[in-house]
Every structure is written in structure tokens, then in C-alpha cells.
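> What follows is a protein structure lacking sequence information:
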């Protein structure tokens, strides 16, 4: 994306963020999933973006039961007992997870204080399922725990196993989220006859709607030892974006604000598709905000 989308004279992270924020009014920060950022980094995010800009932040992996790289642990987390397998921290203690939430939220305070924190994206792993009653109850209890830890902050939940929305379970899952004012994250991903990926279900469970489009690259979606850009190497066609337009409109009708985020992060595919979908949806749904000589799109990337 750096080479394909940013002009050649935009060479620093600060300049790239400013350039981006002149063209879109929201962004999803995925880097915190891999390591809790230093507060000074987050302060700069807030300083380098205009008033009204919104950051959605992906929760640190330990907060969503993912194994995390031990080398990326916050210094304070290293003090707690934990098992390490092939360099990844697994089965952390409850106390360690509690501290991970606290440290993460402390790092996000500059966004909160500036009014620029949108939602905390809790993307749960594929093994976080509703396949049987005992496991489902355990996982729902964890969502309740995370809801309490996040407090008043907007919680966005993305499931990666379709058992949560299969026939007979979908209504219960969506009601559980709605009762707790948690946003259900709708996704677009490759569909397989034998492998399990989330279907493109759209539902409003809070006043905020959220959609993540991961692309439809069947060859790389489950590939190992590939970069994120390669995994999500996919440019949506106009017809494929047209498929999502009525779904986004439906979600927008049931919410105060709806964000559409593109995760197809190869080359300039994400910003290209974001602008194309904005044009399809039209100004009645995506109103450009003019700032100086630039237009910002109210559509997420």
C-alpha cells in the first residue's frame, strides 16, 4: 500500500497518517493486536489527525484468547507466570489477562481524551466456538468478562467460527450481544464447502454498525507462513461491492452510524474499493466532509 497508494514524497509514518486522514475520516488500527502500543504513539495518532477523525482499535491478542509473541509482551506482563510454546504465550493466568486489558486501555487514553476512540475490535479466534452448550456458555461468560473490563467503551465483536450464527443459534447470539449493547461485526470472507468461515450475515445489535471486508482469496486465506497482505490479496469487483450495498443500507437504517472497513490490504486495493463502495452507496448514505481543498469520505478503511 505504501508504494501503490501514497505519493513518493510522503515518506514518514506521520506524513502518511496525515495524508490518509485528509481522505478518510476513520481508520482501523490493527497493530495493537500484536503488541500494546506505547502511550506516546497513541498520543501522536490523536495529534496528527483532524477533529472528528475516528480510530477503531483491534484488541491485543491476549485479550481475545490468541497466542501472542512473547517478544512483544509489555514489560509489566513479563512478570506474570505464563507458558511459552514455540515463542508464543499460551494459557496466560487470569491475572495476566486482567493486566493486559488494563495496560491496553491505559495506552488508548489519548484517543478517549481527544474524542477519537470509536470501538475496540474483539476478534475472537476460530476455536472460540458455540459448538456445544458447555463451551458456548464458557465463551459467552468470557464476552461478559471482556464487556465489564472495557466499561463504557464501544465493544465490537467479530466471530470467526460460523457456529455462532448457524440456524438455531443466530437469534440467541444476536440477542446476547444486543442485551449488552455490543456491536456484532458483519464480515465478508471466502466461503468454502468444507472449511468453516463466517457467512456474510448483517445484523444491528447496537447503535453502531460495523462491517469488515476481508476479500475472497480462497488460495491464501488459510495459507501458513504468508504475510497479512498476501492472505488478504483481493480486489473486489464492482459487482461484488454491489452485493454489499443493500446490506450496508439495511445496517445503516438500524443504527446511528455504520462503519465499513476494508481489510484487503494488498497494494492499494483497500482505499480503491472503499471509494468505489462510497460511490455506489451515494451521498445520501456517505456524505463527503469538505476540509479545505480535500474531501473526506465517511467510509472506513
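That came through, no problem. None of the values given here were measured: they were computed from a predicted structure. Residues are numbered from 1 along each chain as shown.
> May I see the buried residues of stretch 25-42?
Using 16 or more other CB atoms under 10 Å as the test for burial, stretch 25-42 gives 25, 26, 27, 28, 29, 30, 32, 33, 36, 37, 42. The C-beta positions use only the backbone N, C-alpha and C, and glycine is treated the same way.
> and the two most separated of these?
Maximum pairwise distance in the buried residues of stretch 25-42, criterion CB to CB, is 25.6 Å, between 25 and 36.
> Quick check: buried residues in the host helix or strand of residue 16?
Taking DSSP states H and E as the criterion, residue 16 maps to helix 13-21. Neighbour-count burial for helix 13-21, counted by 16+ other CB under 10 Å, picks out 16, 17, 20, 21.
> ok, and the closest non-adjacent residue to the last one?
Spelled out, that is residue 21. Nearest residue to residue 21, sequence neighbours excluded (CB to CB, 6 or more residues apart in numbering): residue 49, at 4.5 Å.
> Any idea how many residues pack against that neighbour?
22 (other CB atoms under 10 Å).
> Report whether the expected contact of it with residue 19 is present.
No: applying CB atoms under 8 Å, one finds residue 49 not in contact with residue 19, separated by 11.1 Å.
> Contacts only, for the spatially most central residue of the chain.
Centroid-nearest residue in the chain: residue 121, 4.7 Å away (criterion: CA atoms, centre = their mean). Residues near residue 121 by CB atoms under 8 Å, 6 or more residues apart in numbering: 28, 56, 57, 58, 59, 156, 158, 185, 210.
> thinking the third one is in contact with residue 110, fair?
No: with contacts counted by CB under 8 Å, residue 57 stays clear of residue 110, the gap being 11.4 Å.
> Between those two, which is the more surrounded one?
Of the pair residue 57 and residue 110, residue 57 is the one with more neighbours under other CB under 10 Å, namely 26 against 20.
> Pull out the buried positions in the longest helix belonging to the chain.
Assignment by DSSP state H gives helix 133-150 as the longest helix of the chain. For helix 133-150, a neighbour-count test (16+ other CB under 10 Å) marks 136, 139, 140, 142, 143, 146, 147, 149, 150 as buried.
> go on, stretch 151-164?
153, 154, 155, 156, 157, 158, 159, 160, 161, 162, 163, 164.
> what's the answer for stretch 225-232, then?
Neighbour count says stretch 225-232 has 231, 232 buried, by 16+ other CB under 10 Å.
> which residues touch that stretch?
Against stretch 225-232 from outside (CB under 8 Å, 6+ apart): 1, 214, 215, 217, 220, 221, 223, 263, 264, 265, 266.
> Sitting in strands, which of those residues do you find?
Among those, no residue falls in strands (DSSP state E).
> If you rank these by neighbours, which is first?
Neighbour-wise, the contacts of stretch 225-232 (other CB under 10 Å) top out at residue 215, 25 neighbours.
> excluding its backbone neighbours, what's nearest that one?
residue 234 (2.8 Å).
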